[in-house]
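Visitor: Structural data only, the sequence is not supplied:
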(Lines give C-alpha, C1' and ligand atoms only; values in the text may rest on other atoms or scores of the structure.)
Protein backbone atom coordinates (compact mmCIF):
# COMPACT_ATOMS: atom_id res chain seq x y z
CA UNK A 1 0.00 0.00 0.00
CA UNK A 2 0.85 3.66 -0.06
CA UNK A 3 3.43 5.05 2.35
CA UNK A 4 3.69 8.79 2.98
CA UNK A 5 6.68 10.30 4.77
CA UNK A 6 6.48 13.88 6.05
CA UNK A 7 9.23 16.19 7.30
CA UNK A 8 9.93 17.98 9.51
CA UNK A 9 7.84 16.86 12.46
CA UNK A 10 8.15 20.30 14.04
CA UNK A 11 8.87 23.63 12.41
CA UNK A 12 9.33 26.91 14.24
CA UNK A 13 9.47 30.17 12.32
CA UNK A 14 9.21 33.87 13.02
CA UNK A 15 6.18 35.77 11.85
CA UNK A 16 6.71 36.88 8.27
CA UNK A 17 9.11 34.08 7.40
CA UNK A 18 8.32 31.32 4.93
CA UNK A 19 7.66 27.73 5.92
CA UNK A 20 8.15 24.63 3.80
CA UNK A 21 6.89 21.15 4.62
CA UNK A 22 7.90 18.20 2.48
CA UNK A 23 6.32 14.83 1.79
CA UNK A 24 7.30 11.80 -0.22
CA UNK A 25 5.05 9.00 -1.37
CA UNK A 26 5.70 5.48 -2.53
CA UNK A 27 2.92 4.58 -4.96
CA UNK A 28 3.70 5.89 -8.41
CA UNK A 29 0.01 5.51 -9.31
CA UNK A 30 -1.03 8.12 -6.72
CA UNK A 31 -2.68 11.07 -8.39
CA UNK A 32 -4.20 13.29 -5.74
CA UNK A 33 -2.33 15.11 -2.97
CA UNK A 34 -4.24 17.23 -0.46
CA UNK A 35 -2.92 19.17 2.50
CA UNK A 36 -4.87 19.54 5.71
CA UNK A 37 -4.51 21.98 8.58
CA UNK A 38 -5.59 20.84 12.02
CA UNK A 39 -5.77 23.25 14.92
CA UNK A 40 -5.70 21.86 18.43
CA UNK A 41 -8.87 19.94 19.20
CA UNK A 42 -10.43 20.73 15.83
CA UNK A 43 -11.13 18.87 12.65
CA UNK A 44 -8.62 18.65 9.80
CA UNK A 45 -9.48 21.18 7.14
CA UNK A 46 -8.46 21.00 3.51
CA UNK A 47 -6.29 24.00 2.66
CA UNK A 48 -4.97 23.15 -0.78
CA UNK A 49 -4.65 20.15 -3.06
CA UNK A 50 -2.94 19.20 -6.28
CA UNK A 51 -3.47 16.54 -8.89
CA UNK A 52 -0.79 14.68 -10.74
CA UNK A 53 -1.31 16.54 -14.01
CA UNK A 54 -0.23 19.82 -12.41
CA UNK A 55 3.21 20.79 -11.10
CA UNK A 56 2.28 23.73 -8.91
CA UNK A 57 -0.78 25.37 -7.45
CA UNK A 58 -1.14 28.62 -5.49
CA UNK A 59 -3.80 30.09 -3.28
CA UNK A 60 -2.79 33.43 -1.81
CA UNK A 61 0.01 32.71 0.71
CA UNK A 62 -0.12 28.96 0.22
CA UNK A 63 1.38 26.96 -2.61
CA UNK A 64 1.94 23.29 -3.29
CA UNK A 65 4.50 21.82 -5.68
CA UNK A 66 4.60 18.29 -7.03
CA UNK A 67 7.50 16.37 -8.52
CA UNK A 68 6.07 13.14 -9.90
CA UNK A 69 9.42 11.79 -11.00
CA UNK A 70 10.88 12.09 -7.54
CA UNK A 71 7.52 11.28 -5.89
CA UNK A 72 7.55 14.23 -3.58
CA UNK A 73 5.35 17.23 -2.95
CA UNK A 74 5.76 20.26 -0.74
CA UNK A 75 3.65 22.87 1.01
CA UNK A 76 4.94 26.44 0.98
CA UNK A 77 3.51 29.11 3.24
CA UNK A 78 4.78 32.66 2.75
CA UNK A 79 4.49 35.61 5.13
CA UNK A 80 3.54 33.33 8.00
CA UNK A 81 1.23 34.62 10.70
CA UNK A 82 0.62 33.35 14.25
CA UNK A 83 -2.76 31.99 13.14
CA UNK A 84 -0.93 29.66 10.77
CA UNK A 85 0.24 27.75 13.84
CA UNK A 86 -1.28 24.27 13.63
CA UNK A 87 -0.49 20.71 12.63
CA UNK A 88 -0.30 20.21 8.88
CA UNK A 89 -0.87 16.82 7.28
CA UNK A 90 -0.04 15.83 3.75
CA UNK A 91 -1.86 12.93 2.16
CA UNK A 92 -1.85 10.86 -1.00
CA UNK A 93 -4.24 8.52 -2.63
CA UNK A 94 -3.71 4.82 -2.20
CA UNK A 95 -5.36 2.32 -4.45
CA UNK A 96 -8.92 1.72 -5.55
CA UNK A 97 -10.99 4.84 -5.90
CA UNK A 98 -8.72 6.72 -3.55
CA UNK A 99 -8.50 6.31 0.16
CA UNK A 100 -6.10 8.85 1.57
CA UNK A 101 -2.95 7.86 3.41
CA UNK A 102 -1.74 10.63 5.69
CA UNK A 103 1.74 11.68 6.63
CA UNK A 104 2.55 11.89 10.33
CA UNK A 105 2.04 15.61 10.48
CA UNK A 106 4.14 18.72 11.01
CA UNK A 107 3.55 21.01 13.94
CA UNK A 108 4.13 24.56 12.69
CA UNK A 109 4.76 27.20 15.33
CA UNK A 110 4.79 30.82 14.20
CA UNK A 111 6.16 33.22 16.79
CA UNK A 112 5.10 36.87 16.77
CA UNK B 1 -24.19 25.13 8.31
CA UNK B 2 -22.16 22.16 9.52
CA UNK B 3 -22.13 19.59 6.74
CA UNK B 4 -20.60 16.59 8.49
CA UNK B 5 -21.92 16.27 12.00
CA UNK B 6 -20.60 13.93 14.63
CA UNK B 7 -22.29 13.11 17.86
CA UNK B 8 -21.43 13.27 20.60
CA UNK B 9 -18.38 15.56 20.69
CA UNK B 10 -17.16 13.86 23.85
CA UNK B 11 -17.96 10.32 24.94
CA UNK B 12 -16.86 8.62 28.12
CA UNK B 13 -17.42 4.89 28.30
CA UNK B 14 -16.46 2.15 30.67
CA UNK B 15 -13.91 -0.48 29.82
CA UNK B 16 -15.70 -3.24 27.93
CA UNK B 17 -19.01 -1.39 27.58
CA UNK B 18 -20.23 -1.14 23.97
CA UNK B 19 -20.36 2.34 22.55
CA UNK B 20 -21.71 3.81 19.31
CA UNK B 21 -20.53 6.98 17.62
CA UNK B 22 -22.60 8.61 14.93
CA UNK B 23 -21.96 10.68 11.85
CA UNK B 24 -24.39 12.40 9.54
CA UNK B 25 -23.84 14.39 6.39
CA UNK B 26 -25.89 16.82 4.35
CA UNK B 27 -23.56 16.77 1.35
CA UNK B 28 -25.07 13.69 -0.31
CA UNK B 29 -21.56 12.31 -0.71
CA UNK B 30 -21.17 8.72 -1.80
CA UNK B 31 -18.22 7.85 0.40
CA UNK B 32 -18.02 7.96 4.17
CA UNK B 33 -14.91 7.18 6.19
CA UNK B 34 -14.05 6.52 9.80
CA UNK B 35 -10.62 7.50 11.05
CA UNK B 36 -9.01 7.00 14.43
CA UNK B 37 -6.61 9.71 15.54
CA UNK B 38 -4.51 9.34 18.66
CA UNK B 39 -2.66 12.19 20.27
CA UNK B 40 0.05 13.70 18.05
CA UNK B 41 -0.51 11.08 15.36
CA UNK B 42 -1.91 11.07 11.87
CA UNK B 43 -5.48 9.94 11.27
CA UNK B 44 -5.64 6.19 10.67
CA UNK B 45 -8.31 4.80 8.39
CA UNK B 46 -10.51 2.16 10.01
CA UNK B 47 -13.00 1.54 7.21
CA UNK B 48 -15.09 3.25 4.61
CA UNK B 49 -18.29 2.88 2.66
CA UNK B 50 -18.76 3.60 -1.00
CA UNK B 51 -22.54 3.78 -1.04
CA UNK B 52 -23.43 0.54 0.70
CA UNK B 53 -20.18 -1.23 -0.13
CA UNK B 54 -18.20 -1.73 3.03
CA UNK B 55 -14.40 -1.70 2.95
CA UNK B 56 -12.46 -2.74 6.01
CA UNK B 57 -8.79 -1.94 6.46
CA UNK B 58 -6.72 -5.07 7.02
CA UNK B 59 -5.43 -3.95 10.39
CA UNK B 60 -8.70 -2.68 11.83
CA UNK B 61 -9.46 -4.70 14.96
CA UNK B 62 -12.56 -6.90 14.95
CA UNK B 63 -13.71 -4.90 17.95
CA UNK B 64 -14.67 -2.11 15.54
CA UNK B 65 -17.77 -2.39 13.39
CA UNK B 66 -19.65 0.03 11.21
CA UNK B 67 -23.11 0.51 9.79
CA UNK B 68 -24.41 2.78 7.09
CA UNK B 69 -28.19 2.50 7.02
CA UNK B 70 -28.60 5.23 4.41
CA UNK B 71 -26.62 7.83 2.48
CA UNK B 72 -26.72 10.37 5.29
CA UNK B 73 -25.75 8.35 8.32
CA UNK B 74 -22.85 6.19 9.36
CA UNK B 75 -22.16 4.62 12.74
CA UNK B 76 -19.05 3.33 14.43
CA UNK B 77 -19.62 0.58 16.98
CA UNK B 78 -16.91 -0.41 19.41
CA UNK B 79 -18.02 -3.68 20.91
CA UNK B 80 -15.69 -3.88 23.89
CA UNK B 81 -13.66 -0.70 24.29
CA UNK B 82 -10.24 -1.04 25.79
CA UNK B 83 -7.99 1.66 27.19
CA UNK B 84 -6.07 1.65 23.93
CA UNK B 85 -9.18 2.69 22.03
CA UNK B 86 -9.22 6.11 23.65
CA UNK B 87 -8.77 8.51 20.75
CA UNK B 88 -10.44 11.09 18.56
CA UNK B 89 -12.70 9.43 16.01
CA UNK B 90 -13.14 11.39 12.84
CA UNK B 91 -15.82 10.86 10.25
CA UNK B 92 -15.17 12.16 6.76
CA UNK B 93 -17.01 12.22 3.48
CA UNK B 94 -16.04 12.46 -0.14
CA UNK B 95 -18.18 12.96 -3.20
CA UNK B 96 -16.83 9.98 -5.07
CA UNK B 97 -13.47 9.20 -3.51
CA UNK B 98 -11.42 11.17 -6.02
CA UNK B 99 -11.41 14.52 -4.25
CA UNK B 100 -10.72 16.00 -0.85
CA UNK B 101 -12.47 14.87 2.24
CA UNK B 102 -14.76 16.91 4.45
CA UNK B 103 -14.21 16.01 8.08
CA UNK B 104 -16.62 16.19 10.95
CA UNK B 105 -15.62 17.78 14.24
CA UNK B 106 -14.78 14.41 15.71
CA UNK B 107 -15.79 12.51 18.82
CA UNK B 108 -13.23 12.29 21.57
CA UNK B 109 -13.61 8.92 23.26
CA UNK B 110 -12.38 8.35 26.79
CA UNK B 111 -12.35 4.84 28.25
CA UNK B 112 -12.38 4.56 32.02
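Guide: On my side now, so go ahead. Remember, predicted model here, so these are calculated numbers, not experimental data. Residues are numbered from 1 along each chain as shown, chains lettered A, B, ... in the order given.
Visitor: Residue A:100: how many residues sit nearby?
Guide: Residue A:100 has 27 neighbouring residues, counting by other CB atoms under 10 Å in any protein chain shown. Every residue, glycine included, has its C-beta placed from N, CA and C.
Visitor: That one: what's it in contact with?
Guide: A:34, A:91, A:92, A:93, A:94, B:45, B:101 (CB atoms under 8 Å, 6 or more residues apart in numbering or on different chains).
Visitor: Strand partners (parallel or antiparallel) of the host helix or strand of the second one?
Guide: Pointing back at residue A:91 there. Following DSSP states H and E, one finds residue A:91 within strand A:86-94. With DSSP bridges as the test, strand A:86-94 is paired with strand A:32-38 (antiparallel), strand A:99-102 (antiparallel), strand A:106-111 (antiparallel).
Visitor: ranking these by mean pLDDT, which is last?
Guide: Here the strands paired with strand A:86-94 differ in mean pLDDT, and the lowest is strand A:99-102 at a mean of 88.
Visitor: Mind pulling the model confidence for residue B:65?
Guide: With respect to pLDDT, residue B:65 scores 96.
Visitor: looking at it, it is touching residue B:79, isn't it?
Guide: Yes. Counting by CB atoms under 8 Å, residue B:65 does reach residue B:79; the two are 6.6 Å apart.
Visitor: Give me the common contacts of those two.
Guide: By CB under 8 Å, 6+ apart, residue B:65 and residue B:79 have no common neighbours.
Visitor: List just the nearest of the contacts of residue A:100 to residue B:24.
Guide: Taking CB to CB as the measure, residue B:24 lies nearest residue B:101 of the contacts of residue A:100, at 15.5 Å.
Visitor: tell me the phi and psi of the closest one?
Guide: phi -90, psi 150 (degrees, to the nearest 10).
Visitor: Excluding chain neighbours, what is closest to it?
Guide: Nearest residue to residue B:101 in three dimensions, chain neighbours excluded: residue B:92, at 4.0 Å (CB to CB, 6 or more residues apart in numbering or on different chains).
Visitor: Quick one: list the elements packing against whichever strand or helix holds that neighbour.
Guide: According to DSSP H and E, residue B:92 maps onto strand B:87-94. Helices and strands touching strand B:87-94, by 3 or more CB pairs under 8 Å, 6 or more residues apart in numbering or on different chains; DSSP states H and E, are strand B:4-7, strand B:19-25, strand B:31-37, strand B:73-78, strand B:102-103, strand B:107-111.
Visitor: Great, nothing more from me.
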